[in-house]
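J.: Build me a structure from this.
(chains A and B)
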Amino acid sequence: MIYSEKVMDHFMNPRNVGEIENPSGVGYVGNPKCGDIMQMFIKVENDIIVDAKFKTFGCGAAIASSSMATELIIGKSIDEAMALSNKAVVDALDGLPPTKVHCSVLAEDAIERAVFDYRKKMGLLSQQEIEETQARFDAEDASDEDHGVELDA
Amino acid sequence: MSNRRIYMDNAATTPVRPEVVEAMLPFFTENFGNSSSVHAFGRNAQQALIDARATMAELLGCTPNEIYFTSCGTESDNWAIRGTATRLRNKGNHIITSSIEHPAVLNTCKQLEAEGWKVTYLPVDKYGIVSPEDLEKAITDETVLVTIMWANNEIGTVQPIQELAKIAHDHGVLFHTDAVQAAGAINIKVKEVGVDMLSISGHKFNAPKGIGCLYIRKGVRIDNIIYGGHQERGHRPGTENMPYIVGMATALKLAYEEMDAKTEHLTKLRNHIMDRITAEIPYCFINGHREQRLPNNVNVSFEYIEGESILLFMDAKGFALSSGSACTSASLDPSHVLLATGLLHEQAHGSIRISLGRDNTMEEADYLVDSLKEVVAKLRAMSPLFNK
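T.: Numbers count the residues shown, from 1 in each chain, chains lettered A, B, ... in the order given. Next comes the predicted model:
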């Protein structure tokens, strides 16, 4: 398996590693059983993501996807960040091997969850929206299928 | 990036030794004959075949007629298992193996299951050792074959083969062992351990890839899986791969001649690496048995981090290692061997295998541990699971 130079650069020299003190929102996705966990911290000012940091347990592609995702959302509005797809992360990394595409999905999900956390804290969501979204996240966590992970039968 | 290249993945494959290449070369050019031909070219090839078979037999402690050359370890495993199963179909339809076999054995057994055979996959203890009592209990009137690997490719655990073979024989059942990792590393004498069949692969002991052999004890009859001419007394047809056969015999001879010195050297490096890692890197543990293991194998799990990341950073420092992580496989499942020893998925994801070779030095062993310390700390600083 061969990673692109971009992936190797972001893996060997990951950008924005760490945590943000008093973050506006935090997203946590994945589970140790699958071998990938991503934690995304965002700092929001005037609806703009002014800083993002991550911590990741995972393979080279997972770390590179996290690093690239933080670069892609810093300076963006909340809506722009929410519109970021896993494909945009893959493209920015000059591609990922097919078995590693799920790592980019994880990055997309981590951003979505961080934004959800921010909007929830800011009182921007109705109780119904909160409950529905949380239920969807819980279902994703339970199924693992969104990340392309095949668990033992 | 380091310019050094330090190969510590000898369980995957080994380089062909110059002496082996030297011995092979004439069989590509001037001695290119087909051993079946009556002319001088054929006779030369036939003599080399006789000599190589005799060398293999002498080293393994059997007669030349019990050695069958194959294309690789996987073919040998397939032949031993399927050939026995179909031959003894009328006697019974049950095969016993272990849960930590190489895919060459596991997937042959799974295919036979799909074709109607019953297979028992024996569990292992936390060190990866099969219990003789478990084997005894699993044998039924229907059992026709027990196949258990001599030494494990991932964690290096060495099974009590002699004892396991005896239990099979006490019940009148044939015993095969996949000795692909053991050959060249352990002083195998087939008659002493009493196995009926034994698989070997050349490229694990400095012969080329694409050559193997199956020992079949005299008196044991198994079906062919390949049909054709009279080669290997009709049991494994196909024109003999003379350069590779000569290469494998030469490599095995060198391995046996140097075994004591090599074992001492590798054991010293292995123990030094295990001792330093466990003493100097927190939150890690050795997989496999401390003593009942191949002299060149170290397998360690580092908690809170993932194996492929370790391999990539170690590669940048010049090291060639491997991992039981799902992320190095296409299936995304972590190593079935590590899970069978009771590891959690996340612990299996964080494992790496170091398999030493004859050329590795103590300086390289120290550089390995120093590099691992740095890489593990770097990855843990990035890990959301590590809050120490």
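J.: now for the longest helix anywhere in chain A, which elements pack on it?
T.: Longest helix in chain A, counting residues (DSSP state H): helix A:101-121. For helix A:101-121, the elements it packs on are strand A:25-31, strand A:36-45, helix A:60-73, helix A:78-83, helix A:86-92, helix A:127-143, judged by 3 or more Cβ pairs under 8 Å, 6 or more residues apart in numbering or on different chains; DSSP states H and E. For every residue, glycine as well, the C-beta is placed using N, CA and C.
J.: most packed of these?
T.: helix A:60-73 (a mean of 27; mean count of other Cβ atoms under 10 Å in any protein chain shown).
J.: pLDDT below threshold where in the stretch 251-388 of chain B?
T.: B:326-332 (pLDDT under 70).
J.: Nearest spatial neighbour of the residue of the stretch 151-300 of chain B found nearest chain A, chain-adjacent residues omitted?
T.: Proximity of the stretch 151-300 of chain B to chain A (Cβ to the nearest Cβ) peaks at B:Tyr283, 13.2 Å away. In space, and not counting its chain neighbours, B:Tyr283 is closest to B:Glu303: 4.2 Å by Cβ to Cβ, 6 or more residues apart in numbering or on different chains.
J.: again, but for B:Arg5
T.: B:Gly318 (5.3 Å).
J.: Surely that neighbour touches B:Arg4?
T.: Yes. Here B:Gly318 reaches B:Arg4: they are 3.7 Å apart, a contact under Cβ atoms under 8 Å.
J.: Compare the two (neighbour count), which wins?
T.: Taking other Cβ atoms under 10 Å in any protein chain shown, B:Gly318 and B:Arg4 do not tie; B:Gly318 has more neighbours (17 against 10).
J.: and that one, what is it in contact with?
T.: Listed by Cβ atoms under 8 Å, 6 or more residues apart in numbering or on different chains, the contact partners of B:Gly318 are B:Ser2, B:Asn3, B:Arg4, B:Arg5, B:Ile6.
J.: now with 7 Å?
T.: B:Gly318 sits next to B:Ser2, B:Arg4, B:Arg5, B:Ile6 when contact means Cβ atoms under 7 Å, 6 or more residues apart in numbering or on different chains.
J.: Can you classify B:Gly83 as helix, strand or coil?
T.: Assigned with DSSP: H, G, I helix; E, B strand; the rest coil, B:Gly83 falls in the helix class.
J.: how about the residue nearest to it when sequence neighbours are not counted, phi and psi?
T.: Closest residue to B:Gly83 apart from its sequence neighbours, by Cβ to Cβ, 6+ apart: B:Ile222 at 3.4 Å. Backbone geometry at B:Ile222, expressed as degrees, to the nearest 10, gives phi -130, psi 160.
J.: Count residues in the vicinity of B:Ile222, would you?
T.: 23.
J.: next one: B:Met248
T.: Neighbours of B:Met248 (other Cβ under 10 Å): 30.
J.: That one touches B:Ile211, doesn't it?
T.: Yes. Proximity of B:Met248 to B:Ile211 meets the contact threshold set by Cβ atoms under 7 Å, at 4.8 Å.
J.: what's the overlap in contacts for these two?
T.: With Cβ under 7 Å, 6+ apart as the test, B:Met248 and B:Ile211 both reach B:Gly202.
J.: Can you give the domain ranges for chain B?
T.: B:18-257, B:258-382 (automatic domain parsing).
J.: Distance to A:Val115 added to the ones you listed, as CSV?
T.: Compiled in CSV, the domains of chain B are given as follows (distance: least, Cβ to Cβ, whole Å):
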stretch, distance to A:Val115
domain B:18-257, 42
domain B:258-382, 22
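J.: so which of these comes closest to A:Leu93?
T.: Minimum separation from A:Leu93 across those (Cβ to Cβ) falls at domain B:258-382, 14.5 Å.
J.: if we can go back for a sec, list the contacts for the residue of the stretch 151-300 of chain B closest to chain A?
T.: So B:Tyr283 contacts B:Phe302, B:Glu303, B:Tyr304 (Cβ under 7 Å, 6+ apart).
J.: Tell me which of those fall in strands.
T.: The strands, defined by DSSP state E, take in B:Phe302 from the contacts of B:Tyr283.
J.: Save the contacts of B:Tyr283 as TSV, and put in distance to A:Gly27 and neighbour count too.
T.: Formatted as TSV, these follow (distance: Cβ to Cβ, whole Å; neighbours: other Cβ atoms under 10 Å in any protein chain shown):
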residue	distance to A:Gly27	neighbour count
B:Phe302	26	24
B:Glu303	24	19
B:Tyr304	20	22
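J.: Dump stretch B:352-363 to CSV, restricted to CA.
T.: Extracted in CSV, the C-alpha atoms of stretch B:352-363 (Å, rounded to 0.1, in the frame of the first residue of the first chain):
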residue,chain,number,x,y,z
ILE,B,352,4.1,-4.7,16.2
ARG,B,353,6.3,-7.6,15.2
ILE,B,354,10.1,-7.4,15.2
SER,B,355,11.6,-10.5,13.5
LEU,B,356,15.4,-10.4,13.6
GLY,B,357,17.8,-11.8,11.1
ARG,B,358,21.4,-13.1,11.2
ASP,B,359,22.8,-9.8,10.1
ASN,B,360,21.2,-7.7,12.9
THR,B,361,23.6,-6.3,15.5
MET,B,362,23.3,-5.2,19.1
GLU,B,363,23.8,-1.6,18.0
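J.: residues of it that come out buried?
T.: B:Ile352, B:Arg353, B:Ile354, B:Ser355, B:Leu356, B:Gly357, B:Arg358, B:Asn360 (16 or more other Cβ atoms under 10 Å in any protein chain shown).
J.: Doesn't the second one lie inside a strand?
T.: So that's B:Arg353. Yes. B:Arg353: assigned to a strand according to three-state DSSP.
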